[in-house]
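Q: Model the following, please.
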Amino acid sequence: QVQLVESGGGLVQAGDSLRLSCAVSGRTFSSRTMGWFRQSPGKDREFVAAMSWSRNTYYADSVKGRFTISRENAKNTVYLQMNGLKPEDTAVYYCAASREFQSPGPRSAYDYWGQGTQVTVSS
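A: Residues are numbered from 1 along each chain as shown. Okay, the predicted model is just below:
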């Protein structure tokens, strides 16, 4: 069983930075695509960023140039560095893990999800 635990959310002002972390249990972390999604009230959960098991990265247009996804396989951890935060970035952020050797894709490509961490950006 793969378990994911996010941390690092909080309340910040517009223009500030935050780094989210997601710790993943299990011994197959390095072979999984990892993704970050977010969901704000009344909206569907949307893709934010992903890093494949081969370390290719993908970003939503809305965060490109501001957010950076990275991973430390030795620590079974994936990060989301968020710079230049905007009020529209306010959401619950979820970490997700794919099955082994799965390419990045929509929500259906991910088998495991964390519980989410709240990010609130004030104007």
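Q: quick one: the longest strand anywhere in the chain to chain centroid distance?
A: Identified as the longest strand of the chain according to DSSP state E is strand 91-100. For strand 91-100, the separation from the chain centroid amounts to 6 Å (computed by Cα atoms, centre = their mean, to the nearest Å).
Q: With stretch 39-59 instead?
A: 6 Å.
Q: Could you export it as PDB, CA atoms only?
A: Below are the C-alpha coordinates for stretch 39-59, written out as PDB (Å, rounded to 0.1, in the frame of the first residue of the first chain):
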ATOM      1  CA  GLN A  39      -9.000  22.100  -5.800                       C
ATOM      2  CA  SER A  40     -10.700  25.300  -4.800                       C
ATOM      3  CA  PRO A  41     -14.400  25.500  -3.500                       C
ATOM      4  CA  GLY A  42     -16.900  24.900  -6.200                       C
ATOM      5  CA  LYS A  43     -14.300  23.800  -8.800                       C
ATOM      6  CA  ASP A  44     -13.000  20.500 -10.100                       C
ATOM      7  CA  ARG A  45      -9.700  19.200  -9.000                       C
ATOM      8  CA  GLU A  46      -7.200  20.500 -11.600                       C
ATOM      9  CA  PHE A  47      -3.700  19.500 -12.600                       C
ATOM     10  CA  VAL A  48      -0.800  21.700 -11.400                       C
ATOM     11  CA  ALA A  49       2.500  19.900 -12.100                       C
ATOM     12  CA  ALA A  50       3.900  16.400 -12.600                       C
ATOM     13  CA  MET A  51       7.300  14.800 -12.800                       C
ATOM     14  CA  SER A  52       7.600  11.400 -14.500                       C
ATOM     15  CA  TRP A  53       9.600   8.500 -13.100                       C
ATOM     16  CA  SER A  54      12.100   9.500 -15.900                       C
ATOM     17  CA  ARG A  55      12.200  13.100 -14.500                       C
ATOM     18  CA  ASN A  56      10.400  14.800 -17.300                       C
ATOM     19  CA  THR A  57       8.300  17.700 -16.000                       C
ATOM     20  CA  TYR A  58       4.900  19.100 -16.900                       C
ATOM     21  CA  TYR A  59       3.100  22.200 -15.700                       C
END
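Q: quick one on the thing from earlier: please spell out which residues along the longest strand of the chain are buried.
A: Going by neighbour count (16 or more other Cβ atoms under 10 Å), the buried part of strand 91-100 is Ala91, Val92, Tyr93, Tyr94, Cys95, Ala96, Ala97, Ser98. Backbone N, C-alpha and C define where each C-beta goes, glycine included.
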